[in-house]
Structures are given as C-alpha cells and as structure tokens.
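# Sequence and predicted structure below; questions after.
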Number of protein chains: 4
Amino acid sequence: MSPELARLGHVALETPDLEGSLDFFVDAVGFEEVEREGDTAYLRAVDEFDHHSIALSEAEEAGVGHVGWQTRKPEYLGEFETVLEDQGIEVTWVDAGKEAGQGEAFRFTTPTGHEFEFYYEMEKPDPPAERRSKLKNKTYDRTTTNAIAPRRIDHVQLWDPDANDFRAWLTEALNFRVQERYNRTDGSRWGTFLSANGNKIEAAVIEDEEAAMGPALHHIAYKVPSADDLFDAHDAMNEHGIPTDGIGQHSISRGKFLYVRDPVSGHRIEFNAGGYVVFDPDWDTIEWEEGDLEDRQWIGQIESKARVEY
Amino acid sequence: MSPELARLGHVALETPDLEGSLDFFVDAVGFEEVEREGDTAYLRAVDEFDHHSIALSEAEEAGVGHVGWQTRKPEYLGEFETVLEDQGIEVTWVDAGKEAGQGEAFRFTTPTGHEFEFYYEMEKPDPPAERRSKLKNKTYDRTTTNAIAPRRIDHVQLWDPDANDFRAWLTEALNFRVQERYNRTDGSRWGTFLSANGNKIEAAVIEDEEAAMGPALHHIAYKVPSADDLFDAHDAMNEHGIPTDGIGQHSISRGKFLYVRDPVSGHRIEFNAGGYVVFDPDWDTIEWEEGDLEDRQWIGQIESKARVEY
Amino acid sequence: MSPELARLGHVALETPDLEGSLDFFVDAVGFEEVEREGDTAYLRAVDEFDHHSIALSEAEEAGVGHVGWQTRKPEYLGEFETVLEDQGIEVTWVDAGKEAGQGEAFRFTTPTGHEFEFYYEMEKPDPPAERRSKLKNKTYDRTTTNAIAPRRIDHVQLWDPDANDFRAWLTEALNFRVQERYNRTDGSRWGTFLSANGNKIEAAVIEDEEAAMGPALHHIAYKVPSADDLFDAHDAMNEHGIPTDGIGQHSISRGKFLYVRDPVSGHRIEFNAGGYVVFDPDWDTIEWEEGDLEDRQWIGQIESKARVEY
Amino acid sequence: MSPELARLGHVALETPDLEGSLDFFVDAVGFEEVEREGDTAYLRAVDEFDHHSIALSEAEEAGVGHVGWQTRKPEYLGEFETVLEDQGIEVTWVDAGKEAGQGEAFRFTTPTGHEFEFYYEMEKPDPPAERRSKLKNKTYDRTTTNAIAPRRIDHVQLWDPDANDFRAWLTEALNFRVQERYNRTDGSRWGTFLSANGNKIEAAVIEDEEAAMGPALHHIAYKVPSADDLFDAHDAMNEHGIPTDGIGQHSISRGKFLYVRDPVSGHRIEFNAGGYVVFDPDWDTIEWEEGDLEDRQWIGQIESKARVEY
C-alpha cells in the first residue's frame, strides 16, 4: 500500500521587501498575520485553522521557497522518504518548529526542479481574543475587517518547460489523481489538473512554452464564496491602487477567477469562486481535446504571463 | 399642479445613551459618522452622498424625533406649507443648518400624530480623505471596513392605531402613491405600502392592533445587495453579541429581510435585499386580499412587536 | 413648466430572420413572447408588466426601428409635440394599437438622426394562466423556465458621430439629466450617461470615432440580480452555441456586464448587474476626467465594436 | 488497516404514490429522472455524474429503504463484511444491477435499526443528448430548465431514540469521524455530526426525544450555491403550491437552509448553502457545550418535527 498525501497545505514565498509585500497580502487582500519570526511572516486566510498557508520571507529577490503538502497519516512521511530515495531523490529533514507551527518535515527537489515540502503536523493556534469568532467552527471574526478576506487555500498553478515529465511523475511517484486534462492534437498536453487528495484540483501543471524559463509558480488560488466577491476584490484592489490581471471563468475546473499580483514581489493570487469537489473515489478524468474549447466556452483571460521561479 | 415629494431622506432618532447606541449603529452595523454636534451624531450609509440619513440624539428616553422627506423642487416647500395650512396643520420652520447639513425646513404633526419634516437642500460632504473611495461615483471605500455596511436608506414602517386615516391622508394631502396594499375581508386594511416618489415603497403603514399605543416607528430599512448579505449581517450581530429579530422574505414588496434592534434604544434596522423598483407612472396598485397569503407565500417572520413612539 | 419623460420603455428592432432571432431572444436569453402580429413579435422580460420592451420585426436587413420613451403624464405627449415643432422637428402620430399594446404615440427623428417614439399608455397583459406567477406583484413564474431570464429593461447605449450635439439636445430639449460624464483633456467628451427620469442611467451616448457610421444602437441592457447571473448567462450562451462579447465591470455607472449578440441580427444585449439608483432630485453630475480611469479602475472589456444603425 | 468509506452516495425512499412524488422531486425541485424500472424511479441532481442519488419506489406507505454508502476501494466491500460479521451483524448481498446502475452491494441493519447499503461501483450514464451540457465537466445543461436544480447530495439527518449508541457505533465500527458535536450539561449529547470521508458532514445523528419512534430519516440535504438560491427555492415551492418548512442558518455546520417536504410522501429535502469542507486529516472535533448557542447564534428554525421511519 502506497503512502498518500492529504492536501496542498502552504507555500513559502520570498520577497525583496517584506513590509511592502505585507501591504498587499494583509492590508489589501486580507490575510491574517499569525506570527513573525525574523524575516518571515506567517499568514493564513480568515477561514483557515492551520498556522499558515503562506510563509513570506524577505530575500534578495522574489522567489518561491517551496510548495508544502500534508501527508494523510503521520507515518506516511517516512514511507514517502523511501519512495523518493528509491528514485534517487535526496530529502532534507527539517526539525519541528523550524518552520513556525509545523512539525517534523522534509524538503526535496522534484525531477523537473520544483521545491516541495512534506509534513503532517501543523498547529492550529487560536486568533487573538479580539479577533476570535464567537462561533467555535470559525477562526476569525470576519465581520469587522477587510471585505474580501479570501477563505482558504485552494490550488497552485505550476509552469514547467518539462510539464509532461512533471505531471507523469506526480501521478506515478506521488499518487496524484488527474481530475481534468487538456490534450493537443499533436499528442502533447497543454495542461494537467491534479489532485493530491482526490477531492478537488490542487495543482494545475501547465506547459511553459518559454523553455528558457525554469519551473515556476504562476499563482496560488484562494476560495471566495461567489462571483460578486471577485468584483468586490477588484474594488478593493482599485482602492489600494493595485492593478488586476484579468477576470473571467475557466471551462476547465469551472473556476471563476480574478488575478492580482503583489506589486512588490510579483507573486500572484487568484481569487477563485465556483469550481466543484469530487468525493467519488472512482472519478473518470475529464479529457479535453484541442478544439473542445475553440468556440470560447471560457470567458475572460489573464493579461500577463508573469510567473516566479524557485 | 400639486407639489410633490422626491423621497424619504432621513429619520431623527432619540436614544438614552448616545455612545451605547453608536456601538450598534457604527461599530456593529457599519454606518459612517459624518458629524457630531452637541448630543447629536449624524450618520449615513456607505453608499449615500447626503449628509445623513439618521440623526441620532441623546434624550431622556428612546423616541422618534421626525421622519424627513425631501421635496422634488425647492419651491415645493412653500407650496406644501400652503397645502398643510389649508388643512389646519401648523408648520414650524427650522433654519438652515439647525439640523446639520440641511437647508431650510419645516416640521409638523400629521393628523394621526406622526412627526414629519420637509426640506429640499442637503449637503453632500466628502468623506475624510482616508475613507474616500477612489471612484468618483462612490462615497466611501468600503473594502477595508465593516463587512455589512448597508448601502442606502430604503423605507420606514410606521404603525398607527388609525392606520386607515393616516394612509388616506398621505395619498390625498401629500400625493403618496399606493404601490401595494393588503385588505381584510371585513373591509379594513392591514397594511398600505406607499411611495413618495412613485419608484419604490418608502412608507409601509401598518394598523396597530394595540390601540393604546400611539403612532410609532417600527423600523427603518436599509438596502444590502443580496440574501447572502442578510446572513452576513446575522453573523456580524452574533459577533457583537446582539440578538436578531427574524430572517425571511415578505410576499408584499418581495423584500428579503433581517431585523435587528439597537440593544440600548430599541430602534430597529431592517437589512433589506431584493424588492423591486417601478418607473412606470401608470402603476396599478397591487391588491392583496385576505387569504391570498394564507398558504404561506411569505417565509419567516419578525419575532417581536416592539416599536418606538415619537 | 416643461414636459417630462418617465422612462425608457421599449426598443423596436429589425431582423432579417424573425424565427432565427427568436431562437436567441426567447430560447437562449429567456424573453417572453407576449404577442405576434404579422412579422412582429412583442417581447418582454419576466419581471416586466408592460406589454413589451422589445418589438422585433422581420425586415430586409437588421436595423433599429425606434427607441420608445414613456412620458410622465398623458398630457405631456402634446406638450412635447409643441417643444419639438418649435425646433422644426416634425412628428408622425401613430394610432393606438398600431404598435400592439400601446396607446397613441408619435415618432420623430432627432437632430442627429436617432429615431425616437413618445407614448404614455401601454397595456399590462396578464401572462397565460400556466405561466402566471402566484404572487400578484410578479408577472411570470420564473421558477420552471430559462435560468437567465433577465428581469427588466435598464438602458440603451447609443453611438453617434455627433455625440456632443446629441447629448446637448437631449438635455436642452428633452430635459434629460446627466448622471455621469467622461471628458477628454482636449475638451471633447467621450461619453455622457443620461437619465430621462432622474433615477438611473437610461441612455449612454458615446462618441463614435468612425464618423462614416450613422447614429446607431450599440446595445440594450437588461437587469439581472447579481454577478453570478452574468456567469450563468455566459453558461447559457455556451449551451446554445452563442459566443459572448466580454465580461467585466464599468467604473462609470458601476455596472457589471456580460455582452452577447443575436447571431442572426447582430443586435446586442447587455446583461447588467449592480449599478445604482438616484432618488435625489439635486444630483451633482459625476465628472470623470481623462486620466481618472487610466489606472484601470474598470475591468474587462467588450471585444467588438459592432453596432446596428437605424 | 481498517476499511474506509468514501461518501454518502444515495438514499432509497418509498412513497405511496410514485407519480405524485415525482411531481415534487422532478417538476418542483428539479431532479433528473435517469431511469425507470418497474415501480422505481432513479433520480440524480443536475451536477451529479452517478446514476442516482435517490431511488424512489412505490410502496404501501412512505418509508425509507436504505441509506447507501460507497466504499473507498472495491476490496473494502469484503473487508467491511468481515467487520460486520465480527459484530454479529448479518449482511445481505445484492447482485450488480439489482439496484439500477449499481455494482455488487450488501445491505444490513445497524445495531440501533438503521438500514444501510454498502457498494463501490456506480455507473455514470450520459444524459440524453438534448440535456447533455456542452462542457465535459458538467452533466446536464441546466440553463433551460428548473431554476432551483440543486447540485449534489450533501448529507442525511438521522433521528434515533438511541442516538448515542448509534453515533458510537458509526465511529467505532465504521470509522466515521466526528466533525462537530453538541453536548448537554447532563452529559448526554443532542447531536453528532459525522463524516464518512473526513471532508464534510455526511450524517447528522440527532437524539429523538420521542422514544416511541423508531430510527428515522429526518431529511436529505442537497447543495445549492448561495443563500439567494434558498429564496429562489422558496419561490419555486410557492409557485407549485407546496408549503415550506423553515429558512435560516445553523451555527453547527454553518449551513444555511430551506426545508421542504414532498406533500405525498412526507420525505423532506433540505436545500443547503454555505457550510465548509475539511481536507485536514488531523481535524479536531468542534465541541459545542449546552449554552454556547443559547444566545441565538443560529437563526430561523424548522417548523415541523416530522420524520419518516424505515
């Protein structure tokens, strides 16, 4: 029996100006700062119990530290280490607490060059009393603060010049399920939409046509309840003087989106509404063929190809 | 040609504890305090340009000062004075600026005992720079504050033991149009839903079965965009420890509602979503007959009969 | 005292293929066909009481018949005739019933070449029993049919190579109020957003840079309740194989939009959510200056400049 | 390693009048009828791929046939049989296809008397061509039919005079996780909110104070996207002359609800919006203590205690 992942948990990001980036993440977007440790701020969304879903560190330049995945059981950490070692991939163990709030973990580089972290334990700290919701099944009182306040991390989009190798490795070595994919008529594949836990898309792997670019993070998506929240997010960005990067809806994943980038670091957040969850363990991959979407079954588009490398 | 009113503009309320009531109106509900003058705080909703839609004054006990109506043209003020004098109703002129932000006005008591104020001019002050929206057609930046933030005043509900006299007088003397009404089989009428400007219900006149009560204000309704905002308003009240007074939808007016009262003064705000506007000058009154709604075409109900007298 | 208009009431459209266009207007979009008379189909939205807001006629080619405006009082019809005659504009009277459901009316050509119709009376026929809502203040039962079903006509956008003459004439001769406008630094004006009734934008007048085009109708906007309805409308268009023409939000008017055109006639419908109403008779025109919106305070855009001439 | 369930899959219901009940389930609520076999109609929601989530059979009187759960892997069927046999519970195997669309399954009675069915395979039939969505990741084109059209099955609420025994057995024998629970000060528990798959509440187990009643199904909940859909559902019920059973929001689960019962069989559907999903394998049960909710942190309530026994 192979080890299994439970979910996408957090992303470690680097910025050349921590305070400047917090203007974006905290003041404009509405993340909560849970803890500051040295040059790293730990952020979570208002409806998250975990210690953080973003670890934002000051560094020479903007970059991606790692993408963090929680295992389904504590013992799967060691089992995954064996799986990776069998493939000649070396893991680096990280002590509990080194990344604030997090238990023992290890990091490694995937064969095509993405930086991943696996862990099981993550603290669920209570918010400060004045921010704690009176409802026990909510974290923050979100009625007196930022009107966007995205709710929880949803997925990452990863670009890779070797996207086909990367997605094959995710399914074969790590047991990711393919929820949807888009195949070109020449046999190549533009995009693969994978799930670690089998319930929803957690990693979109996109073929990067600029082969000179290394593997990169295109965006981190956070859930908002409705399409009106996308427009409210656009309002909030306007009020903060931050340009947005496109509104619309993908046919693949059925996600309604608004993209916006931290002006300081270039890291991009997707506000995402809609989509769907799958609780069927026997899901059949949705196979889009080139041409299926030619008649514009999607609407709107992102207006920038920027992405940030590790 | 008879003078015409333009709209319901504001309501003057009295509270035994101004600061306590502002905890409700400003902190919990999200009104903006525009000006403080002596024991009176002038409040408006985030999407209002007028100086205030609520004037909240400290007094011995909770009460209603007056309901303020704007005339359609400045010269209608004098014409309405004549109309009222012809009926033997004495008006009391109020100098410009006595009620902050407001031009010359007069007040009077309606035949069944409601206190009204008529005026034409009202200032439209800019918010403080740090609260001003970057969009010229919005007043406040509502993206960084209270998540409810009702948008604009919509209607008042007035209870009267002589409701039929009151509504007849509104239509005959003041040219209110009846948008909807609910007739009982015994020929009496439970409710009349009137419009000063002909576009939407601005005054609901309800027969008060407790004849011992004087004419009273049951609630002031403010618009929110959607039904989800009603639930968000309920969340906000919970987080502030304020009980709510019922959620649901009226068949008459099609308004979706959440009621809540200021714990200090008992004044009730309705958060109202839905409803409809009428731009047809030739509207036919919607006539509900007793029995039309017996099969529960409405849903939910208000759980308290409390109202506040003048 | 000058005569006043009450509102935009309907638009007469011409199509080269009536049945083909009804596939769009009725089957895809969800208008109700109220009456068919010869080659004209009379359509209304599900939440309209008036006989029609679109009169769709088969003709040699696609065109705009007229834009219909209801006067505020019956006697204003004659008064407007005098106003127009004083300007040397000839009106053509149309008998009651010639346009189905409509009382006596007259048509005329504005100085820059738009075709207008003025009328006061319009029937409010009941829907067929099986389509009648059980609620007296609704027209159609909209719970068993088309999921978009736009609710009511909102505004027209008119393009004109002589836009400045046209908007000046609308305000001076017809008493339209300017709710918002966008001025260029060279003193010219790109757009003027006018209201016949003073409550909301009913005519957007846009300068057509292609001076070779005659005056034209760019789109007719219908209200839907929320931004999610815009995405639902996009879904519906997809399911009917009809491409859409852009989704987003205007800063001016605050309207959220989805545009789509009848594939047969090219007539464009805007599904419109948001926006705002004004009941203040003393409204100050919102003055946008070139540059105000340079930092993209709007989002999304229409992807086609197509419009249909009279 | 113990076998695991994947999810709540379907419920088998009995009605004294199949056609009458289909007026409710199909015409009023908007379920799709996938197949009819003898006296059983197989229904699914518009956003479900599975063959059915309700199997509705004509019988002498209204009743509940069974609650169907899908296992996480095919081999878990046999492993669960062993688990149950070890407890002295006899299972009855059902051939593939006996319940249309379903693979091999077994049924059994829980110790407190609920009828359960376990299975792994379920067909995912395509809708008829004229109802098939053009988008490959949707089942039905939902733009031309019923405006409610709930999306997917969410949870069941089960009442039991021995609720504490029942919920203990669910966690111990079947590995259900407790997502939330409500404990009384006397040590008893009013409600337990359990998850088969660990992602969301799938079974709410409520203590039935009328001990004379046997174990029963109170309602089946289906997801709708927003609170406005709850009001739309209420409209739809009105238009079909079907009374509703309460609107509001639970604090526990955070679900916004509208309840309605099939007038023929008494089976109750909950339209449910909001709520939350949990992808954290290390979730801490939310512990509500009596008194936590005394200050009305919920709103609205169901107005009937009716439930249907097996």
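That came through fine.
# Now do the helix or strand of chain A at the bottom of the mean pLDDT ranking against strand C:244-249, angle only.
Among the helices and strands of chain A, strand A:244-249 carries the lowest confidence by mean pLDDT, DSSP states H and E, at a mean of 88. Our comparison of strand A:244-249 with strand C:244-249, counting by axes from the mean of the first three to the mean of the last three Cα atoms, to 10 degrees, yields an angle of 130 degrees.
# Please see if stretch A:119-130 touches chain D.
Yes - using Cβ under 8 Å from any Cβ of the partner chain, stretch A:119-130 reaches chain D at A:120-122, A:124. Placement of C-beta: from N, CA and C, glycine included.
# would TSV of those with neighbour count be doable?
Output for the residues of stretch A:119-130 next to chain D, formatted as TSV (neighbours: other Cβ atoms under 10 Å in any protein chain shown):
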residue	neighbour count
A:Tyr120	20
A:Glu121	16
A:Met122	22
A:Lys124	15
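# residues in chain A within reach of chain B, list them.
Counting by Cβ under 8 Å from any Cβ, the residues of chain A lying close to chain B are A:27, A:133-135, A:141-149, A:225-226, A:228, A:232, A:235-236, A:238-241.
# Also within reach of chain C: list those from the residues you listed.
When Cβ under 8 Å from any Cβ is applied, the members of those adjacent to chain C are A:226, A:228, A:238, A:241.
# any idea which of those is closest to A:Ala211?
Proximity of those to A:Ala211 (Cβ to Cβ) peaks at A:Gly241, which lies at 35.5 Å.
# What is the neighbour count of that closest one?
Residues near A:Gly241, counting by other Cβ atoms under 10 Å in any protein chain shown, number 11.
# same deal with A:Asp126?
By other Cβ under 10 Å, neighbour count at A:Asp126 equals 9.
# Backbone dihedrals for the residue lying closest to it once chain neighbours are set aside, please?
Nearest non-adjacent residue to A:Asp126, counting by Cβ to Cβ, 6 or more residues apart in numbering or on different chains: A:Arg132, 6.1 Å away. Torsion angles at A:Arg132 (phi, psi; degrees, to the nearest 10) stand at phi -70, psi 130.
# buried set for stretch A:146-164?
Within stretch A:146-164, the residues that count as buried by 16 or more other Cβ atoms under 10 Å in any protein chain shown are A:146-163.
# Keep only those of the residues you listed that are in strands.
Using DSSP state E, A:153-160 are the members of those that sit in strands.
# Contacts only, for the residue lying closest to A:Glu207 once chain neighbours are set aside.
Nearest residue to A:Glu207 in three dimensions, chain neighbours excluded: A:Ala163, at 3.9 Å (Cβ to Cβ, 6+ apart). Listed by Cβ atoms under 8 Å, 6 or more residues apart in numbering or on different chains, the contact set of A:Ala163 reads A:189, A:191-192, A:205-208.
# neighbours around the closest residue to A:Tyr120 other than its chain neighbours, how many?
Spatial nearest neighbour of A:Tyr120, excluding adjacent residues (Cβ to Cβ, 6+ apart): A:Pro74 at 4.4 Å. Residues contacting A:Pro74 under the criterion other Cβ under 10 Å number 14.
# Also A:Leu84?
For A:Leu84, the count of nearby residues is 19 (other Cβ under 10 Å).
# what does A:Asn183 give?
Per other Cβ under 10 Å, the neighbour tally for A:Asn183 reads 16.
# Just grab the bridge partners of it for me.
Counting by DSSP bridges, A:Asn183 is bridged to A:Arg189, A:Glu289.
# what does A:Gly248 give?
A:Phe257.
# who's in contact with it?
Contact partners of A:Gly248, counting by Cβ under 8 Å, 6+ apart, are A:256-257, A:298-301, C:247, C:300.
# Checking whatever residue of the stretch 201-310 of chain A ends up closest to chain B next. Helix, strand or coil?
Nearest residue of the stretch 201-310 of chain A to chain B: A:Ala236, at 3.6 Å (Cβ to the nearest Cβ). Using DSSP: H, G, I helix; E, B strand; the rest coil, the structure places A:Ala236 in helix.
# what's the pLDDT at it?
For A:Ala236, the pLDDT comes out at 92.
# Please list all residues in contact with it.
A:Ala236 is in contact with A:28-30, A:146-148, B:143-144, counting by Cβ under 8 Å, 6+ apart.
# got the residues you listed as CSV, with pLDDT columns?
Converted to CSV, the contacts of A:Ala236 look like this (pLDDT from 0 to 100):
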residue, pLDDT
A:Ala28, 95
A:Val29, 96
A:Gly30, 95
A:Asn146, 79
A:Ala147, 77
A:Ile148, 87
B:Thr143, 84
B:Thr144, 77
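# Return the closest of these with respect to chain C.
Of the contacts of A:Ala236, the one sitting nearest to chain C (Cβ to the nearest Cβ) turns out to be B:Thr143, at 12.8 Å.
# Where does that closest one fall, secondary structure wise?
When elements are assigned from DSSP states H and E, B:Thr143 belongs to no helix and no strand.
# Look up phi and psi at it.
phi -90, psi -10.
# I'd say it and A:Ala147 touch.
Yes - shown here, B:Thr143 and A:Ala147 form a contact pair, counting by Cβ atoms under 8 Å, at 4.9 Å.
# Spit out the residues that contact these two alike.
Taking Cβ under 8 Å, 6+ apart as the criterion, B:Thr143 and A:Ala147 both touch A:232, A:236.
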